[in-house]
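>>> Provided below for reference: sequence and predicted model.
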Amino acid sequence: MKHIGVVIKEARKKRGMTQQSLADNTGVTKAYISMLETGVKENVSKKVLSGICKALEVPVEVLSFMQLDLESVPEKKKEMFKVLKPAVNNLIKEFFFSKPKVK
């Protein structure tokens, strides 16, 4: 399973945000965001994670799903996961990270 910092970094970059802008919108320091993203700090409080998700405009559940990898799935569900993960990732990308179309 990816650590939460890797997922936060992926989501932040997909949003086009800098570490500083995420920190400013979350109420933590840029150094804290950097420590999370690099794995120096692995545990994040629910309050801070909630703030990060709010700033990224992504539900906590989406970040949790983004953390999953094949090794974190029970053996009997790996085949289904291999099929579903790419499809769900595409949905997440379209729904949460695509830019709105301008008419």
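All right, it came through fine.

>>> CA only for contacts and neighbour counts going forward, please
Will do.

>>> Regarding this protein, what is its longest helix?
When the chain is parsed with DSSP state H, its longest helix is helix 78-92.

>>> in this protein, which helix or strand is least confident?
One helix or strand of the chain scores below all others by mean pLDDT, DSSP states H and E: helix 60-67, with a mean of 90.

>>> Low-confidence stretches in the protein?
99-103 (pLDDT under 70).

>>> can you map out the helices along it?
4-14, 19-26, 30-38, 46-56, 60-67, 78-92.

>>> and those helices as CSV, adding distance to residue 98 and mean neighbour count?
Below are the helices of the chain laid out as CSV (distance: least, C-alpha to C-alpha, whole Å; neighbours: other C-alpha atoms under 10 Å):
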stretch, distance to residue 98, mean neighbour count
helix 4-14, 8, 19
helix 19-26, 18, 17
helix 30-38, 22, 17
helix 46-56, 13, 17
helix 60-67, 15, 16
helix 78-92, 9, 13
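
>>> what's the residue nearest to residue 29 when sequence neighbours are not counted in contact with, if anything?
Distances taken as C-alpha to C-alpha, 6 or more residues apart in numbering place residue 23 nearest to residue 29, at 5.3 Å, with adjacent residues excluded. Counting by C-alpha atoms under 8 Å, 6 or more residues apart in numbering, residue 23 touches 29-30, 32-33.
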